[in-house]
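quick one, what's the 3D model for this:
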Amino acid sequence: MQFSVKSGRPEALTGDCAVVAWFEHNKLAAGLRALDKACGRLISDALKRGDLGGKSGQAAMLHAPAGSPFRRILVVGCGDQGKFTRAVYRKATQLAANSIALTGARNATSFLPEPEDHANGITQALDTLISVEQALYRFDTLKSAANRQPKPKLTRFSLCVSDSKTRKEAEEGLRQARAISDGIKLARDLGNLPANVCTPRYLASTARKIAGRSKQASTRILGPAEMKRLGMGALLSVTAGATEPARLIVIQYRGAASGQKPTVLIGKGITFDTGGISLKPGRGMDEMKFDMCGAAGVLGAIQAAIDLGIRKNITAIVPSCVNMPDGRATNPGDIVTTMSGQTVEILNTDAEGRLILCDALTYAQRFKPDVVIDVATLTGACVVALGPHLSGLMSGDDALAGKLLLAGEQVGDPAWRLPLLPEYGEGLASNFADFANVAGREGGASIAASFLSRFATDLRWAHLDVAGTAWKSGKDKGATGRPVGLLVQYLLADA
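The predicted model follows:
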């Protein structure tokens, strides 16, 4: 999809489809009256017929008479004008893209007004491009040709802004949004692939391709033998029952001077999680292919950072393996020694994400990082607490947490801070090891973060639990690509 920014009077522009907003209990906006007149009072007549309600989620496609500057006008309901926020703008843009994709229109121009909470043209362009691409995303490459959806004819989408200053901002916004959207698409594609395709070795191959986009990036892939030499007993315990070999994937992007401490992103890469000996119930287990969405998000984020040429040193670390039951698999009650030297009693083999992340956190320390952020589909407790709308954020660093929360708000990929107090770790006490990998059910998301914090004592560290936001279930089942937007926006703001 090609995106561009236009400025000028609506009636002076041309195209296959114009997208305009309609608010409840409102008249035609002054700026669109000339367009309405040029199109034979198409919008006014539809209003008189009662075809325009203005409620959010409604859309009416109007076909213009010959000689009109636009062949179609899509009128999108945007609800109460006083409540026209970025969230409403994004939903309206997605609705518009979906509606236009059902027609033969090859290009479209959006005249949706700018919400009051848009900071500038950059945010308007970000919201526009990402919303359109999210709406038109399809994953049917593994379907036979006869069952694939036909591609929409829509190939060009333009955003019309009010003045040259906003246009310049919006063009920069499109540049940022293009990279973020491509990163989101990569994360969604990786998440949606089945586990017999997207293996640890596949993720390693993807990492090499990402690094190949820039001479400033390089990869290092560690196998089981190297991990054993490093003492990664926790990570290797998770993969003990699997035939697919584990990988520790490292991408280093050098966007700044060598003396600048890097930001390290760590993504949980369990490409399939059966639960191991603590076997999960069969219902819904197919969705455990999404247990590598933390890794997918980190790979998408560093790809976007590379494409944008962010002036920052960034390292991505992806511990990746498969959690399988087998005669060699780790048993509940087994004790392992982590790379940090601390010992863990594994009471539940289905609490495996924290076991691969703890060794990755220790490994990250060799890069002498400025900040470490781990991303993981870690706990069902986070889903219960926050549902599918907000990622869980836990950190003992208020300044870092604040920056991440702000980044999520700015790009429409929000998070919510959950507590990280010493009390949450008390239940991890073990009679036989330094501590256990699980405690009680209550406060499970914070307990998991407390476990990880024991391996991040010398780090500026934040943990993102995306178990509720990284994918959707039901009829819309599929990966969302979150939190690529949040991570990239943070990297841009912190560069």
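
export the lowest-mean-pLDDT helix or strand in the chain to PDB, keeping only CA atoms.
Sorting the helices and strands of the chain by mean pLDDT, DSSP states H and E puts helix 30-38 at the bottom, at a mean of 86. Provided in PDB are the C-alpha atoms of helix 30-38 (Å, rounded to 0.1, in the frame of the first residue of the first chain):
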ATOM      1  CA  ALA A  30     -18.100  23.900   6.500                       C
ATOM      2  CA  GLY A  31     -15.000  22.500   4.800                       C
ATOM      3  CA  LEU A  32     -17.000  19.800   3.000                       C
ATOM      4  CA  ARG A  33     -19.900  21.900   1.700                       C
ATOM      5  CA  ALA A  34     -18.000  22.700  -1.500                       C
ATOM      6  CA  LEU A  35     -17.200  19.000  -2.000                       C
ATOM      7  CA  ASP A  36     -20.800  18.200  -1.500                       C
ATOM      8  CA  LYS A  37     -21.800  20.700  -4.100                       C
ATOM      9  CA  ALA A  38     -19.200  19.500  -6.600                       C
END
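
where's it relative to the chain centroid, distance-wise?
Mean-position distance between helix 30-38 and its chain equals 38 Å (CA atoms, centre = their mean, to the nearest Å).

and that helix, which residues are buried?
32-33, 35-36, 38 (16 or more other CB atoms under 10 Å). C-betas here are computed from N, CA, C, even on glycine.

repeat that for stretch 379-390.
Of the residues in stretch 379-390, 379, 381-383, 385-386, 390 count as buried by neighbour count, 16+ other CB under 10 Å.

got the buried residues of helix 30-38 as CSV, with distance to Ala479 columns?
Listed next are the buried residues of helix 30-38 as CSV, based on distance: CB to CB, whole Å:
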residue, distance to Ala479
Leu32, 38
Arg33, 43
Leu35, 39
Asp36, 41
Ala38, 43
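
out of the residues you listed, who's nearest Val411?
Taking CB to CB as the measure, Val411 lies nearest Leu32 of the buried residues of helix 30-38, at 28.8 Å.

just to confirm, which helix or strand has Leu464 in it?
Under the criterion of DSSP states H and E, Leu464 resides in strand 461-465.

the host helix or strand of Tyr253 packs against which elements?
If you go by DSSP H and E, Tyr253 is part of strand 247-254. Where contact means 3 or more CB pairs under 8 Å, 6 or more residues apart in numbering; DSSP states H and E, strand 247-254 is packed against helix 200-211, strand 217-222, helix 293-308, strand 313-323.

list the contacts of it.
Strand 247-254 has contacts (CB atoms under 8 Å, 6 or more residues apart in numbering) with 200-201, 203-204, 207, 210-211, 214, 216-223, 226-227, 232, 235, 262, 269, 295, 299, 302, 305-306, 313-321, 360, 363.

the stretch 351-495 of the chain: helices as residue ranges?
Here the stretch 351-495 of the chain has its helices, by DSSP state H, counting those that start in this stretch, at 353-364, 380-386, 398-411, 444-453, 484-494.

so can I have CSV of the ones you listed showing mean pLDDT?
Shown next, in CSV, are these (pLDDT from 0 to 100):
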stretch, mean pLDDT
helix 353-364, 98
helix 380-386, 97
helix 398-411, 97
helix 444-453, 98
helix 484-494, 97
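
for Asp334, what are its contacts?
Residues in contact with Asp334 (CB under 8 Å, 6+ apart) are 237, 345-346.

ok, longest helix in the protein?
What stands out as the longest helix in the chain, according to DSSP state H, is helix 164-192.

chain center to that helix: distance?
12 Å.

tell me the angle that helix makes with helix 293-308.
Per axes from the mean of the first three to the mean of the last three CA atoms, to 10 degrees, the angle that helix 164-192 makes with helix 293-308 is 140 degrees.

pull out the buried residues from helix 164-192.
166-167, 169-171, 173-192.

again with stretch 267-286
267-278.

before we move on, the earlier item: want to try TSV for the helices of the stretch 351-495 of the chain, with distance to Ser68 as columns?
Converted to TSV, the helices of the stretch 351-495 of the chain look like this (distance: least, CB to CB, whole Å):
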stretch	distance to Ser68
helix 353-364	56
helix 380-386	47
helix 398-411	36
helix 444-453	55
helix 484-494	37
